[in-house]
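Participant: Test case, fold it:
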Amino acid sequence: MSTEMFIQYLFNALTLGSLYGLIAIGYTMVYGVLRLINFAHGDLIMLGAYFFSFSTISFMPTWVAILLILFSLFIYYSIFIGFQKQQKVYWISIFFILVSGLIYYSQVSLQDFKPVWILAICFSIFITGAVGIFVDQLAYKPLRNAPRISVLISAIGISFLIESLAIMFFSSIPKAVKQPDFLVTPILWSFGQDGKSIIRIAPMSLIVPIVSFILVIILLWIINKTKPGLAMRAISYDIETTRLMGVSVNKIIAFTFCIGSALGAIAGIMWSLRYPQIHPYMGLLPGLKAFIAAVIGGIGSIPGAMLGGLLLGFIEIMVVAFSPTLSGYRDAFAFILLILILLIMPTGLMGKKNQEKI
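Facilitator: Sure, this is the predicted structure:
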């Protein structure tokens, strides 16, 4: 294998591993607070990609987007603020700003208005975060004190429900994602004494690891330096004692689902731009592999989730790089790695050594 090809594979592995790690963080956040495996997380990734794609190509009618924003505002307002009169002016102002921006970009052509991509990203994150909260309120909150198996079945049921709704509204036919021009043109990197060795790097291969690293830093800051983060850690230790201390447990859990779903939306957006095709089942396999990454890294550990994702991405890509004949079995190596890690380190690479029933 040439040096150029090896470096190219390294970038591909770093990109794929960063995406797995970012998705895995959504699993590990919910598990850290609720001791729950949210198997619907992969489908939220799919929704984030669809919301982003449809808003960039103006496929989604403006009135549908406005209804989604209204739904999301209601979710955020009712969960985090409550119906208090003094907060109405604030939220009405935000509503008019969002709707005005949405109507504006929907009337302007994509070629002439570059910020449409920024608006589409914000729109997707905003809506997907609200959907994550709604899933918690609909499927998980009524089962807070139920047996773990009931919650697990509910999570699987929600996953099937979201996929079925996506097929009904979006159809099961895969759709191409329109990429902005600056993501289509590869970055050329020449090296060597004569400068004739050239590597073509997709812009997303640089953007994905950088964005993922920044998001992990921000998330660690939120968890370790803010009051909601302190409450999340308290709930993970003892939910009943935290409730007795006056913490609104349900709001903190909703906040956790919101953050995890927003990260899933970002991962879905970057996935759809790196591999430009979307379909209702696009989150199934990445979600499953991200769960494997979370277990490998130590479920409940955010740095462990990212480490597990990077390790899984490198294993998959390097297997193909050094033995192309095994490319059809790359998915199997993810499960082989999981089995080996669990045999050697049952709690994962960075997990805590305590026994729990999932």
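Participant: For the rest of this, base every contact and every neighbour count on C-alpha atoms.
Facilitator: Noted.
Participant: so where do the helices sit in the stretch 101-250 of the chain?
Facilitator: 116-135, 148-170, 181-184, 203-225, 227-237, 239-244, 249-274 (DSSP state H, counting those that start in this stretch).
Participant: Could you grab the helix/strand/coil label for Met46?
Facilitator: helix (DSSP: H, G, I helix; E, B strand; the rest coil).
Participant: what about Ile121, distance to Arg35?
Facilitator: 30 Å (CA to CA, to the nearest Å).
Participant: just for the stretch 1-150 of the chain, where's the confidence low?
Facilitator: Scanning the stretch 1-150 of the chain for pLDDT under 70 picks out 1, 57-66, 80-116.
Participant: repeat that for 50
Facilitator: 83-86, 107-113 (pLDDT under 50).
Participant: ok, the nearest residue to Ile37 once chain neighbours are set aside - how many residues close by?
Facilitator: For Ile37, ignoring the flanking residues on the chain, the nearest one in space by CA to CA, 6 or more residues apart in numbering is Tyr31 at 5.8 Å. A count of neighbours around Tyr31, defined by other CA atoms under 10 Å, yields 19.
Participant: who touches Tyr31 in this structure?
Facilitator: Ile37, Asn38, Ile299, Gly300 (CA atoms under 8 Å, 6 or more residues apart in numbering).
Participant: now, of the helices of the stretch 101-250 of the chain, which is deepest in the fold?
Facilitator: helix 249-274 (a mean of 25; mean count of other CA atoms under 10 Å).
Participant: And the next helix or strand past it?
Facilitator: Following helix 249-274 in sequence order, the next helix or strand is strand 277-278 (DSSP states H and E).
Participant: Give the partner strands of that next one in its sheet and their orientations.
Facilitator: Applying DSSP bridges, strand 277-278 is found paired with strand 175-176 (antiparallel).
Participant: what mean pLDDT does the partner strand have?
Facilitator: Averaged across strand 175-176, the pLDDT comes to 85.
Participant: Can you list the neighbours in contact with that strand?
Facilitator: Pro276, Gln277, Ile278, His279.
Participant: Where neighbours are concerned, which of those has the most?
Facilitator: Most crowded among those, counting by other CA under 10 Å, is Ile278 at 23 neighbours.
Participant: Where is the longest helix in the chain?
Facilitator: Counting by DSSP state H, the longest helix found in the chain is helix 3-34.
Participant: Just the buried positions in that one, please.
Facilitator: Neighbour-count burial for helix 3-34, counted by 16 or more other CA atoms under 10 Å, picks out 4, 8-34.
Participant: Now do that helix against helix 249-274, angle only.
Facilitator: 160 degrees (axes from the mean of the first three to the mean of the last three CA atoms, to 10 degrees).
Participant: what angle separates helix 3-34 from helix 227-237?
Facilitator: Calculated by the same axes, to 10 degrees, helix 3-34 forms an angle of 70 degrees with helix 227-237.
Participant: Make 5 the first number, not 1, from now on.
Facilitator: Sure thing, new numbering starts at 5, so read that last one as helix 7-38.
Participant: distance between helix 7-38 and the chain's centre?
Facilitator: 11 Å (CA atoms, centre = their mean, to the nearest Å).
Participant: wait, which of the helices of the stretch 105-254 of the chain is closest to Leu316?
Facilitator: Closest to Leu316 of the helices of the stretch 105-254 of the chain, according to CA to CA: helix 207-229, at 14.5 Å.
Participant: State the distance from the closest residue to Asn254 other than its chain neighbours to Arg278.
Facilitator: Excluding the flanking residues, the one nearest Asn254 by CA to CA, 6+ apart is Lys145, at 7.9 Å. From Lys145 over to Arg278 the distance is 35 Å, taken as CA to CA.
Participant: which ones are touching Pro232?
Facilitator: By CA under 8 Å, 6+ apart, the neighbours of Pro232 are Ile226, Ile256.
Participant: Quick check, pLDDT for it.
Facilitator: For Pro232, the model assigns a pLDDT of 86.
Participant: What distance do you get for it to Tyr333?
Facilitator: Relative to Tyr333, and taking CA to CA, Pro232 is found at 43 Å.
Participant: Quick check: chain neighbours aside, which residue is closest to Ala298?
Facilitator: Per CA to CA, 6+ apart, closest to Ala298 is Ala309, 4.5 Å.
Participant: Could you list which residues are in contact with the one you found?
Facilitator: Gly25, Leu26, Ala28, Ile29, Thr32, Ala297, Ala298, Val299, Ile300, Gly301, Gly302, Ile303.
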